[in-house]
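1. Here is my input; please provide its structure:
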Amino acid sequence: MGFLIRVVVNAFAIWVVTLIPALQVSVIAFPPGETLQLVLTLLIVAAIFALVNTIIGTVIKILAFPLYILTLGLISLIINAFLLWLTAWITGFWNWGLRVEDFWWGVIAAIIISFINWIFGLILRPRRRD
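-> Have a look, this model is predicted:
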């Protein structure tokens with residue numbers, strides 16, 4: 001259940017990022033490209049992003065641990081942008097999916113996606129009962 005919630009929140013965050021034209025991040029929907037296809041494309045891209053983040057992101061974060069210490073965690077911005085770019089690269093093999101035109105705008109897009117995920121994480125986190 002947690003993975004599905006994560007995918008839906010990621011899909012919402014990616015959709016919000018695509019609404020900001022200056023970031024040059026877009027989602028190309030399945031043909032014919034109507035609303036249902038856009039929603040399904042966002043969910044698939046979000047699932048791929050969640051898998052990339054879980055599998056590859058974890059390995060990179062473990063290997064880059066010394067850089068986290070040296071940069072006081074700022075390297076996570078570059079790593080998150082790389083994971084977003086990697087998701088765009090994976091979906092780029094088809095005629096639909098995520099497109100990130102510029103890596104540095106992808107950094108800002110990754111910051112926005114991380115911020116939205118953090119906000120929803122605070123809202124959706126189960127409350128502990130004492």
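
2. Who are the packing partners of the top helix by length along the chain?
-> What stands out as the longest helix in the chain, according to DSSP state H, is helix 35-63. Packed against helix 35-63 by the contact rule (3 or more C-beta pairs under 8 Å, 6 or more residues apart in numbering; DSSP states H and E) you find helix 2-18, strand 25-28, helix 75-91, strand 97-100. Any C-beta I mention is one placed from the backbone N, CA and C, and that applies to glycine too.

3. what's the last one packed up against?
-> Using 3+ C-beta pairs under 8 Å, 6+ apart as the contact criterion, the elements in contact with strand 97-100 are strand 25-28, helix 35-63, helix 75-91.

4. ok, that strand: who's next to it in the sheet?
-> Counting by DSSP bridges, the strands paired with strand 97-100 are strand 25-28 (antiparallel).

5. List the buried residues in the strand it pairs with.
-> 25, 27-28 (16 or more other C-beta atoms under 10 Å).

6. ditto for stretch 93-107
-> So stretch 93-107, judged by 16+ other C-beta under 10 Å, has buried residues 96-98, 100, 105-107.

7. just stretch 9-21 next, same as before
-> Neighbour-count burial for stretch 9-21, counted by 16+ other C-beta under 10 Å, picks out 9-15, 17-18.

8. and of the residues you listed, the nearest to residue 51?
-> residue 10 (10.4 Å; C-beta to C-beta).

9. quick one: the closest one and residue 50 touch, right?
-> Yes. Applying C-beta atoms under 8 Å as the test, residue 10 and residue 50 come out as touching, 5.7 Å apart.

10. Same list (the buried residues of stretch 9-21) but as a markdown table, adding pLDDT and distance to residue 91.
-> Below are those laid out as a markdown table (pLDDT from 0 to 100; distance: C-beta to C-beta, whole Å):
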| residue | pLDDT | distance to residue 91 |
| --- | --- | --- |
| 9 | 92 | 18 |
| 10 | 92 | 13 |
| 11 | 94 | 13 |
| 12 | 94 | 18 |
| 13 | 94 | 16 |
| 14 | 94 | 11 |
| 15 | 94 | 15 |
| 17 | 94 | 15 |
| 18 | 93 | 13 |
